[in-house]
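Asker: Sequence and predicted structure below; questions after.
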Amino acid sequence: EPEVTQTPSHQVTQMGQEVILRCVPISNHLYFYWYRQILGQKVEFLVSFYNNEISEKSEIFDDQFSVERPDGSNFTLKIRSTKLEDSAMYFCASEKSPDTQYFGPGTRLTVL
Amino acid sequence: GQNIDQPTEMTATEGAIVQINCTYQTSGFNGLFWYQQHAGEAPTFLSYNVLDGLEEKGRFSSFLSRSKGYSYLLLKELQMKDSASYLCAVYNQGGKLIFGQGTELSVKP
């Protein structure tokens, strides 16, 4: 069964550094999402992406964040200058049409 | 505003039935999802309701009443592996999921 994959599984970085989180959505899916979950808190929407552009973004998704689909398979989330409060689990999700989003295993980002 | 409420935690016995409730008030509504999340893992899809009524899928059923802003997830014949967090999420316009805090279910022998 096809699944969403994410790399790396765990990323440790210093405050102020740039990080790129990578996702490979399910191959015939058209809608892509990033969510984050701070430890012990709820899953929060960051951004949705369709047809090579951002469809919607939350107030969390400020100028430090960007997304890209550089080729036909990868979907990336870049954080330009990480802050301590960016430490969280980041989940990528994809869907074929607007009905069911399938989540990747997540990348645990630790900012020191 | 966006508000999704579900109980923080519940405990049930192996073999029993448990109902996890969710109430929501959101600015848009295109359906309601239930996800299961084990600690440190990704949410996994359980059910999707867009119309009022009950959707049954094996040991899991989900109910929706749009007029009441209410849903529940029913788990039957509980197993120890069902111990997890259960997330209620409203599917909003634009395709984003708005999650509740999650209900931590503990299944005891």
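Answerer: Yep, that arrived.
Asker: Now do the lowest-mean-pLDDT helix or strand in chain A: which elements does it pack against?
Answerer: Across the helices and strands of chain A, mean confidence by mean pLDDT, DSSP states H and E is lowest for strand A:53-57: a mean of 92. Counting contacts by 3 or more CB pairs under 8 Å, 6 or more residues apart in numbering or on different chains; DSSP states H and E, strand A:53-57 packs against strand A:44-50. The C-beta positions use only the backbone N, C-alpha and C, and glycine is treated the same way.
Asker: Tell me who's in contact with residue A:7.
Answerer: Applying CB atoms under 8 Å, 6 or more residues apart in numbering or on different chains to residue A:7 gives the contacts A:22, A:107.
Asker: again with residue A:2
Answerer: A:26, A:27.
Asker: Give the helix, strand or coil label for it.
Answerer: coil (DSSP: H, G, I helix; E, B strand; the rest coil).
Asker: pLDDT wise, what is it at?
Answerer: pLDDT, residue A:2: 81.
Asker: okay, now residue A:85: neighbour count?
Answerer: The tally of other residues near residue A:85 (other CB atoms under 10 Å in any protein chain shown) stands at 10.
Asker: Could you grab the helix/strand/coil label for it?
Answerer: Using three-state DSSP, the structure places residue A:85 in helix.
Asker: In contact with it, which residues?
Answerer: Each residue near residue A:85 by CB under 8 Å, 6+ apart is listed here: A:38, A:111.
Asker: ok, now residue B:19?
Answerer: By CB under 8 Å, 6+ apart, the residues touching residue B:19 are B:72, B:73, B:74, B:75.
Asker: Tell me how far the third one lies from chain A.
Answerer: Here the criterion is CB to the nearest CB, to the nearest Å. By it, residue B:74 lies 20 Å from chain A.
Asker: Around chain B, which positions in chain A sit nearby?
Answerer: Contact residues, chain A versus chain B (CB under 8 Å from any CB of the partner chain): A:31, A:33, A:35, A:41-45, A:48, A:50, A:55-56, A:58, A:89, A:91, A:93, A:95, A:98-106.
Asker: Narrow those residues to those that are buried.
Answerer: A:31, A:33, A:35, A:42-45, A:48, A:50, A:56, A:58, A:89, A:91, A:93, A:95, A:101-106 (16 or more other CB atoms under 10 Å in any protein chain shown).
Asker: Any regions of the chain where pLDDT drops low?
Answerer: Here I'm looking at chain A. For chain A, no stretch is flagged by pLDDT under 70.
Asker: my bad, chain B
Answerer: In the predicted model of chain B, residues B:1 satisfy pLDDT under 70.
Asker: Can you pull the residues of it lying near chain A?
Answerer: For chain B, the contact set with chain A under CB under 8 Å from any CB comprises B:30-31, B:33, B:35, B:40-45, B:48, B:87, B:89, B:91, B:94-102.
Asker: same thing but at 10 Å, please
Answerer: Contacts of chain B with chain A, taken as CB under 10 Å from any CB of the partner chain, map to B:4, B:30-31, B:33, B:35, B:37, B:40-45, B:47-48, B:50, B:85, B:87, B:89, B:91-102.
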